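Engineer: here you go, sequence then predicted model.
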Amino acid sequence: MTSNKKVEDGLEHIKNAEKSLKTSLLKWRPDYENAADEYNKAATCFRNAKSYEQCKDCLLKAVECHKQNRALFYAAKALDQCVLVSKELGNLRDIAEYAERAANMFQTHGNAESAASSLDKAAKIIESQYPEDALKLYQHATEIVLIQDSTRQAAEYTSKIARIHVKLQQYDLAADAIRRELGLHQQNESYQATGRLIVALVLVQLARGDVVAAEKAFKEWGNYCEAPELQTLETLLTAYDEEDPENAKRALNSPFIKHMDVEYAILARDMPLPESSIPRAAASASNNVPGAKGEESPADNIEKDPQVSDSAPKADTEDDDDYGGGLC
């Protein structure tokens, strides 16, 4: 009964909103402000009754009324509510569109912080199922905060961008995003997270199959790393340089890497290991060489035969004695 009462109240508010939008001989212009207020009240009633479709419909009508009344801030707030209602409905595809519209309205109103926050909240909702759409929202949020010179917030959004690129196996773009994040941390003189980022950059470069780029990144940024990070990177790069799969696997399974962000931990888990520097064909050929695996070669027998080794020098001595006094 309670839900039905709330639905009835919502329908009553809709009627009031429609009355406010009607014009007459004495009322030439619709009352958009009152209509928007009534639609918002109706949306609240429908939300409490868990009638989310009707709730979203009223919110969208409120958005239009606020736009007609040039109240863009309140229109953007209504679109933010549409994002949450769409989440309840499971219509995640609509969320990115509502968030973009809300952000544009917030920016037009001059509220860049609310614009970036709206994009961030929407991206978090859809990131797991629609990472490509979330990526665009984070990129837009980064652009907004950079205009406001909020480099700290930009670094946070750029970190999310890099992780999504890693998740999508877009390693070139991930490497670029990590470098941008490193640059932003330098501007903020925030070096606490830098060491972990160096490890992430090295992992991404190795995933690209570019050991040289990984070593270059370590040489360029390694002085920001702490002892555990340095030890892990040195072991990892040495293993890949020497084509040592066992040491590479050991380094990738280090506790330090396993406790990184989940995208980088998964990347390390699935990282292709370097191939052994000893080819199998060469190893099998070496087994057939005399002396391999404990077998003695003829040269070894000569050295180990005391009779042969003793007789050779003596023969040379006797020849020297025979001809020591000349032919006479």
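Structural biologist: Structure's in. What do you need?
Engineer: I'd like to know how many residues surround the closest residue to residue 34 other than its chain neighbours.
Structural biologist: With C-beta to C-beta, 6 or more residues apart in numbering as the measure, residue 20 is the residue that lies nearest to residue 34, at 4.3 Å, once sequence neighbours are left out. Using the backbone N, CA and C atoms, a C-beta is placed for each residue, glycine as well. Counted with other C-beta atoms under 10 Å, residues neighbouring residue 20 total 19.
Engineer: helix/strand/coil for residue 20?
Structural biologist: For residue 20, the secondary-structure state derived from DSSP: H, G, I helix; E, B strand; the rest coil is helix.
Engineer: correct me, but it touches residue 30?
Structural biologist: Yes: assessed by C-beta atoms under 8 Å, residue 20 is found in contact with residue 30 at 6.6 Å.
Engineer: excluding its backbone neighbours, what's nearest residue 76?
Structural biologist: In space, residue 76 is closest to residue 105, 3.8 Å off (C-beta to C-beta, 6+ apart).
Engineer: any idea which helix or strand carries the one you found?
Structural biologist: Element membership for residue 105 (DSSP states H and E) is helix 93-109.
Engineer: chain center to that helix, what's the gap?
Structural biologist: Remark: helix 93-109 is offset 24 Å from the chain centroid, using C-alpha atoms, centre = their mean, to the nearest Å.
Engineer: repeat that for stretch 265-276.
Structural biologist: Distance, centroid of stretch 265-276 to centroid of chain: 16 Å (C-alpha atoms, centre = their mean).
Engineer: which residues sit against it?
Structural biologist: The contact list for stretch 265-276 (C-beta atoms under 8 Å, 6 or more residues apart in numbering) reads 166, 203-204, 206-207, 209, 239-240, 243-245, 248-249, 252-253, 257-260.
Engineer: again with stretch 181-194
Structural biologist: By C-beta under 8 Å, 6+ apart, stretch 181-194 touches 151-152, 154-155, 158-159, 162, 197-198, 201, 221, 224-225.
Engineer: next structured bit after the helix or strand containing residue 204?
Structural biologist: According to DSSP H and E, residue 204 maps onto helix 194-207. Where DSSP H and E defines the elements, the next helix or strand beyond helix 194-207 is helix 211-221.
Engineer: returning to that earlier point: reformat the contacts of stretch 181-194 as JSON lines; add pLDDT and neighbour count.
Structural biologist: Below are those laid out as JSON lines (pLDDT from 0 to 100; neighbours: other C-beta atoms under 10 Å):
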{"residue": "151", "pLDDT": "91", "neighbour count": "18"}
{"residue": "152", "pLDDT": "92", "neighbour count": "13"}
{"residue": "154", "pLDDT": "95", "neighbour count": "24"}
{"residue": "155", "pLDDT": "95", "neighbour count": "23"}
{"residue": "158", "pLDDT": "96", "neighbour count": "27"}
{"residue": "159", "pLDDT": "96", "neighbour count": "21"}
{"residue": "162", "pLDDT": "97", "neighbour count": "28"}
{"residue": "197", "pLDDT": "92", "neighbour count": "24"}
{"residue": "198", "pLDDT": "92", "neighbour count": "23"}
{"residue": "201", "pLDDT": "95", "neighbour count": "25"}
{"residue": "221", "pLDDT": "87", "neighbour count": "20"}
{"residue": "224", "pLDDT": "83", "neighbour count": "19"}
{"residue": "225", "pLDDT": "84", "neighbour count": "20"}
